[in-house]
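# what shape does this take:
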Amino acid sequence: MNKTEALNVLVLQANRGELVFSTNVATTLKIQKALDDPDCSVDTASKLVLNEPLLSARVVAIANSVVYSRMGNDVSNVKAAISRLGFRTLRSVVASLVVRQLAGSSKDPAIRGMINKLWEHSAQVAALAQVMARRVTKLDPDTAMFAGIVHEVGGFYLLSRAEEFPSLLEKDDLNAPPAPNDLPSFTDTVIDRESAEAVIGRAVLKNLQLPQPVVDAVEALWYGLRAMPPESLGDTLLLANELAKTPSPLDTRTDTESNRYTSEIDFVVGEGTLHSILEESGEEFKTLAAALMT
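Prediction:
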């Protein structure tokens with residue numbers, strides 16, 4: 001089975017709602033659902049988070065990052081970390097664990113390497129989006145971080161199925177024969193043809209029941225045009241995705257193309273430029289990205 005055929009199978013499954021998730025994802029989604037309850041207290045949230053050691057470590061690390069620790073000393077326990085972050089940021093941290101778990105734990109070192117690189121890219125995009133929302137577009141930074149965390153859900157899901165469909169790791173075959181009329185073709189680059197990532201990503205986003213503004217921002221990443229200077233959440237996400245130092249391993253652009261786009265991005269914001277603002281926010285970005293990858 002070649003890559004196009006494998007993608008066709010996965011898209012058909014996604015369209016039928018037949019997504020395959022690990023048991024860890026289901027457990028973490030229960031935590032996410034509990035946090036959505038308006039009556040959920042900090043004590044209850046702390047107990048839920050403590051059930052997941054990786055989540056606990058990430059919550060404390062983010063609470064101690066430069067972005068969130070300006071007004072106080074380091075915290076050393078989950079309850080204090082949640083009190084500092086608030087529930088909106090906590091939901092983003094839980095989402096980061098869900099997204100990371102989507103890919104599962106492959107025994108294949110090549111797949112593991114791609115998963116790790118994709119998560120590094122996602123963490124950088126999330127941190128950049130958070131900083132830019134706060135400093136440039138004046139949007140809610142927690143929502144921007146959330147959007148950055150989940151923007152590659154389709155890619156993580158594809159990697160989770162790569163052992164079953166090894167051809168998913170192959171380079172795109174531009175000479176592949178067209179798919180049958182009843183199946184979407186992913187060798188066609190016309191913009192009104194939905195890509196596999198978009199179809200599968202949309203199905204995963206729907207399954208995770210994410211907020212509509214976040215879904216719209218990810219849709220903008222798939223199909224949108226970058227506005228300069230950025231204004232919307234989608235613009236912010238597009239820009240963060242282009243500025244991330246670690247590219248997605250699923251990105252089809254060449255290094256030359258990616259570097260050219262990045263070098264051309266700069267604009268005046270208030271009394272500075274985007275690059276100067278990002279330089280000033282460098283420590284914030286580094287500690288937040290590192291905390292997300294903990």
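# got the phi and psi for Leu237?
In this entry, Leu237 is assigned phi and psi values of phi -70, psi -40 (degrees, to the nearest 10).
# gap between it and Leu288?
Taking C-beta to C-beta, to the nearest Å as the measure, Leu237 falls 16 Å from Leu288. Where you see a C-beta, it was placed from the backbone N, CA and C, and this is true even at glycine.
# of these two, who's got more company?
Leu237 (31 against 25; other C-beta atoms under 10 Å).
# touching, the more buried one and Asp216? I think so.
No. The criterion here is C-beta atoms under 8 Å, and Leu237 misses it with Asp216 at 10.0 Å.
# in the stretch 151-294 of the chain, where is pLDDT below threshold?
Applying pLDDT under 70 to the stretch 151-294 of the chain flags the ranges 171-194, 252-264, 269-271.
# now do stretch 70-82: distance to the chain's middle.
Stretch 70-82 sits 25 Å away from the centroid of its parent chain (C-alpha atoms, centre = their mean, to the nearest Å).
# now swap in stretch 118-127 and tell me
Distance, centroid of stretch 118-127 to centroid of chain: 7 Å (C-alpha atoms, centre = their mean).
# now do stretch 119-128
7 Å.
# now for Phe146: which residues touch it?
For Phe146, the contact set (C-beta atoms under 8 Å, 6 or more residues apart in numbering) comprises 91-92, 95, 126, 210-211, 214.
# now it. Nearest residue, chain neighbours left out?
Excluding the flanking residues, the one nearest Phe146 by C-beta to C-beta, 6 or more residues apart in numbering is Ser92, at 4.3 Å.
# flag every buried residue along the one helix or strand that neighbour maps to.
According to DSSP states H and E, Ser92 maps onto helix 87-102. The neighbour-count check on helix 87-102 (16 or more other C-beta atoms under 10 Å) flags 87, 89-102 as buried.
# how about stretch 216-235?
Those would be 217-222, 224, 226, 230, 232-235, for stretch 216-235 by 16+ other C-beta under 10 Å.
# could you tell me the end-to-end distance of it?
In stretch 216-235, first residue to last residue: 11 Å (C-alpha to C-alpha, to the nearest Å).
# against Ser160, how distant is the nearest residue to Phe285 once chain neighbours are set aside?
Spatially, and ignoring its direct neighbours in sequence, Phe285 is nearest to Ala127 (4.9 Å; C-beta to C-beta, 6+ apart). Going from Ala127 to Ser160 by C-beta to C-beta gives 24 Å.
# contacts only, for the residue nearest to Phe146.
So Ser92 contacts 126, 142, 145-146, 149 (C-beta under 8 Å, 6+ apart).
# compare the residues you listed and tell me which is most surrounded.
Among the contacts of Ser92, Met145 has the most neighbours (other C-beta under 10 Å), with 31 neighbours.
# tell me if I'm right that it and Ala129 touch.
Yes. Counting by C-beta under 8 Å, Ala129 is a contact partner of Met145 at 6.0 Å.
# which element is Val67 on?
Judged by DSSP H and E, Val67 forms part of no helix or strand.
# re earlier: quick check, the residue nearest to Phe285 in a helix?
Yes. Judged by DSSP: H, G, I helix; E, B strand; the rest coil, Ala127 forms part of a helix.
# give the buried residues for the helix or strand where Lys286 lies.
Assigned by DSSP H and E, Lys286 belongs to helix 282-292. By neighbour count, with 16+ other C-beta under 10 Å as the criterion, the buried positions of helix 282-292 are 284-285, 287-289, 291-292.
# which one of those residues is nearest to Arg112?
Leu292 (18.4 Å; C-beta to C-beta).
# ok, the closest one - contacts?
Leu292 touches 58, 62, 93, 96, 122-123, 126-127, 149, counting by C-beta under 8 Å, 6+ apart.
# skip the chain neighbours and tell me the closest residue to it.
Ala123 (4.0 Å).
# need the pLDDT of that neighbour.
Looking at Ala123, its pLDDT stands at 91.
# just checking, it touches Lys286?
No. Look at Ala123 against Lys286 with C-beta under 8 Å: they stay out of range, at 10.8 Å.
# which residues of this protein fall in strands?
268-269, 272-273 (DSSP state E).
# residues contacting the last one, please?
Contact partners of strand 272-273, identified using C-beta under 8 Å, 6+ apart, comprise 266-267, 280.
# how long is stretch 32-43 from one end to the other?
End-to-end distance of stretch 32-43 (C-alpha to C-alpha): 15 Å.
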